[in-house]
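Trainee: Quick one, fold the following:
(3 chains)
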Amino acid sequence: MITQKEITLPSFKRGFHLITSILLKEIDELPEKGILHVFIKHTSAGLTINENADPTVTHDFDRFMNHLIPDGDVLFKHTSEGDDDMPAHVKSSVFGQSVTIPVTNHKLNLGIWQGIYLCEFRNNGGNRKIVLTVYS
Amino acid sequence: MITQKEITLPSFKRGFHLITSILLKEIDELPEKGILHVFIKHTSAGLTINENADPTVTHDFDRFMNHLIPDGDVLFKHTSEGDDDMPAHVKSSVFGQSVTIPVTNHKLNLGIWQGIYLCEFRNNGGNRKIVLTVYS
Amino acid sequence: MITQKEITLPSFKRGFHLITSILLKEIDELPEKGILHVFIKHTSAGLTINENADPTVTHDFDRFMNHLIPDGDVLFKHTSEGDDDMPAHVKSSVFGQSVTIPVTNHKLNLGIWQGIYLCEFRNNGGNRKIVLTVYS
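Mentor: As a prediction, the model looks like this:
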């Protein structure tokens, strides 16, 4: 059985943001056993799973990734939409645009420290569309 | 219900290439609701989703990734298959070897700018095998 | 149909380790056609697919990633759990915490050179929990 829902996230500022509870509110009921697939319909944002407790972690992610894949790098020629655009595309593919999570006993079977991050790579990314698919 | 098909892509030159339409031609019909899983059976190529309109983006991807994970880096000892081999393995794991995409109303539920890229990391990668699995 | 099993891997030392055969031993039977989803319930380890033959490859992965995302980088402020902790979080998201593999004719439909890696990014990661989900 497959259930599917498309939602729109509010605008988040550039950086990494925990959205596990926002996503769970959108799902009526998780099955006894199955999989949740979360997909973001954009090429300058991403989804990943990481540490859900210490806000320093999300800030470190942002600082380090901006250093590794810097705005305005001289190698980038696709610059018409701003210095943050092409790095956002690269980061989006490095982190990925979906996460797939086991569902067990009507709950996400995440580790105790795992949460779902929205990775907003643009300075002004605006609203972001997400497709939630649950199969059981 | 699961349908599955294995296909062979023609040889692509090193770089990032849009293959969405090639893949869709291989699928008879997408279900009303489901998931498409695309898997590449290689460790020196990858699959990702990114910008589908401006060819400068794929060139920027190639230039930047070759800078970040360079051919012939002194840290690499697995060099018997050429200077481009070990960087190809690393890039393959950084980008990943599969993409999973929601299917809605008999179509891939991609964002307007999203397309599927074949990431060819070898100078002479040759043909590449892909497994398409649709579940609904 | 969905079958699911949670297992605990023994402690592996920091680095990249082939675990395909360990995982397959935990699965009674793979279906004629389907998908295997492997998920690691941790934020400082990862899963990926790569070359399964030459041990130099896993060592090169370790050396190169430790260079790209170094222990004790000055950009990291989340350092209370050690210099290897925050780099482990970043690597975990770069490699990802799950792999999804087609199943065909009761076998993993991997390429001839593909194996599943446990990516252990901590110096002392300890046991790691994995959820195996097969759908068919």
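
Trainee: Look through chain A and state the residue closest to chain B.
Mentor: With C-beta to the nearest C-beta as the measure, A:K41 is the residue of chain A nearest to chain B, at 3.2 Å. (Glycine included, C-beta is placed from N, CA and C.)

Trainee: Look up how far C:N109 lies from the closest residue to that residue other than its chain neighbours.
Mentor: Leaving aside its chain neighbours, A:K41 sits nearest to B:G111 (3.2 Å; criterion: C-beta to C-beta, 6 or more residues apart in numbering or on different chains). B:G111 sits 29 Å away from C:N109 when distances are taken as C-beta to C-beta, to the nearest Å.

Trainee: Ok, A:N123 next?
Mentor: Computed with C-beta to C-beta, the distance linking A:N123 and C:N109 is 42 Å.

Trainee: Check the secondary structure at the residue nearest the centre of chain A for me.
Mentor: Note on chain A: the residue nearest the mean C-alpha position is A:L47, at 2.2 Å, using C-alpha atoms, centre = their mean. Secondary structure for A:L47, judged by DSSP: H, G, I helix; E, B strand; the rest coil, is strand.

Trainee: Give me the pLDDT value at it.
Mentor: Taken from the predicted model, the pLDDT recorded for A:L47 is 98.

Trainee: In contact with it, which residues?
Mentor: The contact partners of A:L47, by C-beta atoms under 8 Å, 6 or more residues apart in numbering or on different chains, come to A:38-40, A:95-99, A:116-119.

Trainee: now for these, which pair is the farthest apart?
Mentor: When the contacts of A:L47 are compared pair by pair using C-beta to C-beta, the two farthest from each other are A:F39 and A:Y117, 14.4 Å apart.

Trainee: Excluding chain neighbours, what is closest to A:V134?
Mentor: Of all residues apart from its sequence neighbours, A:T3 sits closest to A:V134 (C-beta to C-beta, 6+ apart), at 4.9 Å.

Trainee: count of residues packed around that neighbour?
Mentor: 16 (other C-beta atoms under 10 Å in any protein chain shown).

Trainee: doesn't it fall inside a strand?
Mentor: Yes. With the criterion set as three-state DSSP, the secondary structure at A:T3 is a strand.

Trainee: and it, what does it touch?
Mentor: Residues in contact with A:T3 (C-beta under 8 Å, 6+ apart) are A:28, A:133-134.

Trainee: which non-adjacent residue is nearest A:D54?
Mentor: In this structure, A:D54 finds its nearest non-sequential neighbour in C:H78, 5.8 Å apart by C-beta to C-beta, 6+ apart.

Trainee: Which pLDDT does the model give whichever residue of chain A sits closest to chain C?
Mentor: For chain A, the residue closest to chain C is A:G111, as judged by C-beta to the nearest C-beta, at 3.3 Å. If you check A:G111, the pLDDT there is 98.

Trainee: number of nearby residues for it?
Mentor: Neighbour count of A:G111, defined by other C-beta under 10 Å: 18.

Trainee: Could you measure from it over to B:R122?
Mentor: Distance, A:G111 to B:R122, by C-beta to C-beta: 35 Å.

Trainee: pLDDT of stretch A:59-68, averaged?
Mentor: Stretch A:59-68 shows a mean pLDDT of 98.

Trainee: Check whether that stretch comes into contact with chain B.
Mentor: Yes. Among the residues of stretch A:59-68, A:L68 lie within reach of chain B under C-beta under 8 Å from any C-beta of the partner chain.

Trainee: next one: that stretch to chain centre, how far?
Mentor: When C-alpha coordinates are averaged (C-alpha atoms, centre = their mean, to the nearest Å), stretch A:59-68 and its chain have centres 15 Å apart.

Trainee: Ok, stretch A:121-135 next?
Mentor: Distance of stretch A:121-135 from the chain centroid (C-alpha atoms, centre = their mean) equals 7 Å.

Trainee: start to end distance for it?
Mentor: Start to finish, the residues bounding stretch A:121-135 are 29 Å apart (C-alpha to C-alpha, to the nearest Å).

Trainee: Flag every buried residue along it.
Mentor: Neighbour-count burial for stretch A:121-135, counted by 16 or more other C-beta atoms under 10 Å in any protein chain shown, picks out A:121-122, A:125, A:128-135.

Trainee: With stretch A:102-120 instead?
Mentor: Within stretch A:102-120, the residues scored as buried using 16+ other C-beta under 10 Å are A:102-104, A:108-111, A:113-120.
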